[in-house]
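Peer 1: fold the following.
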Amino acid sequence: MLAPTDSLFDQTALLERAERLVKAARAAGADAADAVALRNLSLSVEVRDGGVEESESAEGDDIGLRVLIGKRQAMVSSNDLSGDPAELAQRAVAMARVAPDDKFAGLADESELAREFPDLDLIDRALPRVADLEARASAAEAAALAYEGVSKSGGASASAGIGGMVLVTSNGFRGAYLGSSHGISMTAIAGEGTGMERDYDYSYVRHAADLENPERIGLRAAERAVARLSPRKVSTRKVPVVFDPRVASSLVGHLASAVNGASVARKTSFLKDKLGQKIFADGIRIIDDPLRKRGLRSHPFDGEGVAGKPIALVDGGVLQSWLLDCATARELSLKTNGRASRGVSSAPSPSSTNLHMAAGNLSPGELMADIKDGFYVTDLIGMGANMVTGDYSRGASGFWIENGKIAYAVSEVTIAGHLTDIFKNLTPANDLEFRYSTNAPTLRVEGLTVAGQ
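Peer 2: Prediction:
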């Protein structure tokens, strides 16, 4: 294992730099200010056909300053941590003086700031060496290439990294956290000539000990690619559609986009008038949890220093909450729920954290058992979900279901409907796993249009 220098884990210097920026901004005439610093170290290796195709290493710190003069705000950023804080602060203040008024801009209220930082077990202090990453990627590729029917490698990769955030505000917040990441992915290609098909698998976690076995990742990618060979086309019809877990999460992601406070405030969400109303079937729960141990998007405080806690966006099928930062909460006459995210050069904006739909009671097999004619989706193409109208239309591939069983591969079809109807007619299976930042079990949706020949 590569043992990074202790300085990588010591964010004292970044905290002190952020504090100096905030003090310089106040001295330059800002009414309020906050400074955010982001730390990043990443290592990655890509292999193809048994050889290393690419190896990358990156390390750096970036810092940004936001200043407020009345209701005007401006942001500046730099990756030069040795520069004069006063110069950066003066530039930000000068920009803020000529910025337009934003009556909702401002720091978080002091009463909302996090005072205790829970241990979320986000950091694995031992990073692998490049040779270790190469071994992981090579093992995944070898397992895929050994599977009967796989003709080529689409490439395998392994990565590791450490990232962190520092935030200091002029109203008393001072905080920092670090998180590590480890990943393996494999893309397998099956078949020959114009009949080739590809598929993939991957694992991405906080701690190396939680990584899936590289050989298993390669094997799953191979199995999926071979299963997609000789796809058929189907005629247009309206049938039940079952979403594999790795694409089912996209429906939860569409819900998150529609309940984003910024979209609601701008009235660009088809759910803007649905708070407190039933939009899913009984029993459906969708949870956003920034405090999940080892969660891929966990953090002890948000981009404004606000303490986050788990919230049910949907409970019992009823829409319970928006995703809110301070500005959107003020605009909607609500209180922030600690969902602010930010970079060094932009103002905070709302975002989900670790998001999931709770599991149902039926197994995937039981969920499909009564489907005489249906579509099992394993891959979605395009971005055909309109958050303003709720219209949904996406390219898809997967497998046709006949009499409750997977029958044959299908490609070049489009699934279409409206997200309002999709949400109301959705049933989850019991196979929820926490593999991504947004997770869902296998989902069945009644009455979608599958457009084919």
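Peer 1: who are the packing partners of the helix or strand where residue 158 lies?
Peer 2: According to DSSP states H and E, residue 158 maps onto strand 150-169. Secondary-structure packing of strand 150-169 (3 or more CB pairs under 8 Å, 6 or more residues apart in numbering; DSSP states H and E): helix 12-27, strand 32-48, helix 130-145, strand 174-190, helix 214-227. (Glycine included, C-beta is placed from N, CA and C.)
Peer 1: give me the distance from that strand to the chain's centre.
Peer 2: 13 Å (CA atoms, centre = their mean, to the nearest Å).
Peer 1: and stretch 216-224, by the same measure?
Peer 2: The mean C-alpha position of stretch 216-224 is separated from the chain mean by 23 Å, CA atoms, centre = their mean.
Peer 1: stretch 425-436 now?
Peer 2: 17 Å.
Peer 1: could you pull out the helices for the stretch 251-400 of the chain?
Peer 2: 261-266, 326-331, 364-368 (DSSP state H, counting those that start in this stretch).
Peer 1: tell me, how many neighbours does residue 314 end up with?
Peer 2: By other CB atoms under 10 Å, 22 other residues sit near residue 314.
Peer 1: so how far is residue 440 from it?
Peer 2: 12 Å (CB to CB, to the nearest Å).
Peer 1: one step back: any chance of the helices of the stretch 251-400 of the chain in a markdown table, plus distance to residue 295?
Peer 2: Shown next, in a markdown table, are the helices of the stretch 251-400 of the chain (distance: least, CB to CB, whole Å):
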| stretch | distance to residue 295 |
| --- | --- |
| helix 261-266 | 21 |
| helix 326-331 | 23 |
| helix 364-368 | 24 |
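Peer 1: relative to residue 90, which of those helices is closest?
Peer 2: helix 326-331 (24.8 Å; CB to CB).
Peer 1: remind me what that closest one packs against, helices and strands.
Peer 2: helix 261-266.
Peer 1: and the contacts of the helix it packs on?
Peer 2: 257, 269, 271-272, 322-325, 328-329, 331-332, 334, 339, 349-350, 387 (CB atoms under 8 Å, 6 or more residues apart in numbering).
Peer 1: just the buried positions in it, please.
Peer 2: Residues of helix 261-266 classed as buried by neighbour count (16 or more other CB atoms under 10 Å): 261-265.
Peer 1: how about stretch 426-441?
Peer 2: 426-429, 431-432, 435-441.
Peer 1: got the helices and strands packed on strand 150-169 as TSV, with mean neighbour count columns?
Peer 2: Output for the helices and strands packed on strand 150-169, formatted as TSV (neighbours: other CB atoms under 10 Å):
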stretch	mean neighbour count
helix 12-27	19
strand 32-48	22
helix 130-145	22
strand 174-190	22
helix 214-227	22
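Peer 1: how about the ones you listed, which one is nearest residue 301?
Peer 2: strand 174-190 (5.4 Å).
Peer 1: quick one: the helices of the stretch 251-400 of the chain as JSON lines, columns for distance to residue 69 and mean pLDDT too.
Peer 2: Shown next, in JSON lines, are the helices of the stretch 251-400 of the chain (distance: least, CB to CB, whole Å; pLDDT from 0 to 100):
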{"stretch": "helix 261-266", "distance to residue 69": "23", "mean pLDDT": "97"}
{"stretch": "helix 326-331", "distance to residue 69": "16", "mean pLDDT": "97"}
{"stretch": "helix 364-368", "distance to residue 69": "57", "mean pLDDT": "97"}
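Peer 1: hang on, the earlier thing: let me know the closest of the buried residues of stretch 426-441 to residue 253.
Peer 2: So of the buried residues of stretch 426-441, ranked by how close each gets to residue 253 (CB to CB), first place is residue 438, at 5.2 Å.
Peer 1: I'd say that closest one and residue 356 touch.
Peer 2: Yes - proximity of residue 438 to residue 356 meets the contact threshold set by CB atoms under 8 Å, at 7.0 Å.
Peer 1: please enumerate the shared neighbours of the two.
Peer 2: What both residue 438 and residue 356 touch, as defined by CB under 8 Å, 6+ apart, is the set residue 252.
Peer 1: walk me through the domains of this protein.
Peer 2: 6-222, 231-453 (automatic domain parsing).
Peer 1: in contact with residue 179, which residues?
Peer 2: Residue 179 touches 122-123, 162-164, 206, 298-299, counting by CB under 8 Å, 6+ apart.
Peer 1: 10 Å instead?
Peer 2: 120-124, 161-165, 206, 294-299 (CB atoms under 10 Å, 6 or more residues apart in numbering).
Peer 1: and it, what are its bridge partners?
Peer 2: residue 163 (DSSP bridges).
Peer 1: residue 194 should be in a helix, yeah?
Peer 2: Yes - counting by DSSP: H, G, I helix; E, B strand; the rest coil, residue 194 falls inside a helix.
Peer 1: these two touch, right, residue 181 and residue 158?
Peer 2: No - contact criterion CB atoms under 10 Å: residue 181 and residue 158 do not qualify, at 11.4 Å.
Peer 1: the residue nearest to residue 368 when sequence neighbours are not counted and residue 248: what is the separation?
Peer 2: Leaving aside its chain neighbours, residue 368 sits nearest to residue 404 (5.3 Å; criterion: CB to CB, 6 or more residues apart in numbering). As judged by CB to CB, residue 404 and residue 248 stand 19 Å apart.
Peer 1: neighbour count for the two, which is higher?
Peer 2: Between residue 404 and residue 248, counted using other CB under 10 Å, residue 248 has the larger neighbour count: 26 against 15.
Peer 1: specify the local secondary structure of the more buried one.
Peer 2: Residue 248 ends up helix, using three-state DSSP.
Peer 1: who's in contact with it?
Peer 2: Residue 248 neighbours (CB under 10 Å, 6+ apart): 242, 357, 377, 426, 428-429, 431-432, 438-445.
Peer 1: restricted to strands, list those.
Peer 2: 242, 357, 377, 426, 428, 438-439, 443-445 (DSSP state E).
Peer 1: of these, closest to residue 366?
Peer 2: Using CB to CB, the ones in strands among the contacts of residue 248 come closest to residue 366 at residue 444, 10.2 Å.
Peer 1: got the contact list for that closest one?
Peer 2: Taking CB under 10 Å, 6+ apart, we find residue 444 in contact with 240-243, 248, 360, 362, 364, 367-368, 371, 374, 376, 425-429.
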